[in-house]
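In: What follows is a predicted structure for the sequence shown.
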Amino acid sequence: MASYNKVVLMGNVTRIPDVRNLPGSATVVATTGLAVNRKYKDKEEVMFIDIVVYGKQAETMGMYVTKGTPLLVEGRLSFRQWEQEGQKRSKHEVIVESFQMVGGRKDREFDESMVDKDDLKMPSDDSMIRDEDVPF
C-alpha cells in the first residue's frame with residue numbers, strides 16, 4: 001500500500017526560533033512553534049505545532065523570523081521518542097521542507113537599530129542628479 005506524508009500549514013510563529021548546530025556536525029537546525037487557527041460555526045480552535053527546519057533554511061529562519069511572524073510551511077509529519085529522567089517521552093512535529101513568510105513588511109515591527117543613521121541623511125546639493133544626467 002502506498003503512503004503519503006505531506007503537511008501544509010499556515011499560522012503565526014509562537015516563539016523566537018532556536019537556531020543551533022547539530023552535535024558533531026555543521027548542519028544547522030532551527031526549532032520553533034506555529035499557532036494554527038481553525039474557525040467553525042461560532043467557535044475558534046487553536047493548535048500549537050512544533051516545527052523543525054534544517055540547513056540553509058534554518059539559518060534564514062533564524063535571521064528573519066520572529067515571534068508573531070505569519071508563515072506558510074510545507075513539510076512532513078514526524079514522530080519522535082526519547083527518554084528523560086527515566087520517563088519515556090514522545091511528540092509529533094513537522095519537519096519543514098520549505099517555508100514562506102506571508103504578509104507584507106507592515107506586519108513586521110521596525111527596528112531603528114538596524115538602520116544606519118547616515119543612510120537616512122539627504123545628499124548635499126553637489127551630489128544631486130541633474131536633468132542632463134538622465135538618459136531619457
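Out: Good, I have the coordinates.

In: average pLDDT across stretch 23-43?
Out: Averaged over stretch 23-43, pLDDT sits at 91.

In: And that stretch, what's buried?
Out: Across stretch 23-43, burial judged by 16 or more other CB atoms under 10 Å covers 28-34. In this view, the C-beta of every residue, glycine as well, is placed from N, C-alpha and C.

In: partners of the helix or strand containing residue 47 in the sheet?
Out: Element membership of residue 47, judged by DSSP states H and E, is strand 43-54. Strand 43-54 pairs in its sheet with strand 28-40 (antiparallel), strand 87-101 (parallel), by DSSP bridges.

In: Please convert those strands to JSON lines, extending it with distance to residue 15.
Out: Below are the strands paired with strand 43-54 laid out as JSON lines (distance: least, CB to CB, whole Å):
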{"stretch": "strand 28-40", "distance to residue 15": "6"}
{"stretch": "strand 87-101", "distance to residue 15": "14"}
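
In: quick one on the thing from earlier: out of the buried residues of stretch 23-43, who's nearest residue 60?
Out: Of all the buried residues of stretch 23-43, residue 30 has the smallest distance to residue 60: 8.7 Å, by CB to CB.

In: hang on, the earlier thing: what's the strand holding residue 47 in contact with?
Out: Contact with strand 43-54 is made by 9, 11, 14, 17, 27-39, 61, 73, 75, 78, 91-96, 99, as judged by CB atoms under 8 Å, 6 or more residues apart in numbering.

In: could you redo the last one with a cut-off of 7 Å?
Out: Strand 43-54 is contacted by residues 9, 14, 27, 29-38, 61, 73, 91, 93-96, 99 when judged by CB atoms under 7 Å, 6 or more residues apart in numbering.
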